[in-house]
Structure formats: C-alpha cells, structure tokens
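Peer 1: Structure here, sequence nowhere to be found:
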C-alpha cells in the first residue's frame, strides 16, 4: 500500500484536497490538546456577517448535522469570539445551532471558541 494511502487511513483523511486535509489535521490536534470530544471550524461569511460551520472533527454525526449551519456574528461564544477577536470559554449560550443527540444530550456542555486571524482580520 502506498505511503499516502496509509497516512490518509491513519489520519482519517477523507478528501483529495491537501488544504482541507491540513485543516482537518490542525483541528484534530486542537481537539486533542483541549482533551475535547469534538471540534468545529467556522469561517466568517463577510457578506452576511455570519460564521459558517465548514468542518467538524471527532464525530461524524456532528459533522453531517453542523456543516453549513450559521451563527450570527456576536451571538453565542463563537460569534462573540469572532466579533471581539478574543478567546471565549463557557457554557453554550446560542440556541440556534441544531445538534445531533450525543450521549443523551443535544447540546455541548462546554465550549472553547478561539477566533481565527489572517492579515490582522478575524476570518472565523
């Protein structure tokens, strides 16, 4: 088996896009560092001022349920993190995101939301 296929299988990569794979690896590393069950990458849609779920790692059910959902800038911990550019930690405060049932619960108990910066702008 070629080394690329082995690495893709071991790292649970699902695409043929190197950039997407790199983002998934970084997301997985962040989940491990935070000792979390799962994590999501949200990017800012500047036209609507909403964060869009583009990737979730750690749970396939969550990824299919969350992908494409939107969070208005300034709402919930993720929206506040993106609006202020500062890390936010706490219980979920935005009820607009539809979550799949996990371990008998429908919403996460704790969130860590870190803004993504690029060229001195918040991008997610």
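Peer 2: In hand now; what should we look at? Quick caveat, the model's predicted, so the values are computed rather than measured.
Peer 1: Now residue 97. Nearest residue, chain neighbours left out?
Peer 2: Closest residue to residue 97 apart from its sequence neighbours, by Cβ to Cβ, 6 or more residues apart in numbering: residue 69 at 5.5 Å. Just so you know, the C-beta spots here come from the backbone N, C-alpha and C atoms, and that holds for glycine as well.
Peer 1: Contacts only, for the one you found.
Peer 2: Contact analysis of residue 69 by Cβ atoms under 8 Å, 6 or more residues apart in numbering lists 52, 53, 97, 98.
Peer 1: roughly how far apart are the most centrally placed residue in the chain and residue 119?
Peer 2: With distances taken as Cα atoms, centre = their mean, the residue of the chain nearest its centroid is residue 40 (1.3 Å). Plainly put, residue 40 is 23 Å away from residue 119 if you go by Cβ to Cβ, to the nearest Å.
Peer 1: repeat for residue 53
Peer 2: The value you get for residue 53 to residue 119, if Cβ to Cβ is used, is 23 Å.
Peer 1: Who has more neighbours out of the two?
Peer 2: Neighbours were counted for residue 53 and for residue 119 using other Cβ atoms under 10 Å; residue 53 has more, 20 against 5.
Peer 1: I'd guess the more buried one is in a strand, am I close?
Peer 2: Yes: inclusion of residue 53 in a strand is indicated when DSSP: H, G, I helix; E, B strand; the rest coil is applied.
Peer 1: pLDDT score assigned to it?
Peer 2: Confidence at residue 53, expressed as pLDDT, is 89.
Peer 1: so what's it up against?
Peer 2: Under the criterion of Cβ under 8 Å, 6+ apart, the contact partners of residue 53 comprise 40, 41, 42, 66, 67, 68, 69, 70, 71, 97.
Peer 1: Among the contacts of residue 69, which one has the most neighbours?
Peer 2: Neighbour count (other Cβ under 10 Å) singles out residue 53 as the most crowded of the contacts of residue 69, with 20 neighbours.
Peer 1: Need the nearest residue in space to it, chain neighbours excluded.
Peer 2: Take residue 53 and drop its neighbours on the chain: the residue closest to it by Cβ to Cβ, 6+ apart is residue 66, 4.3 Å away.
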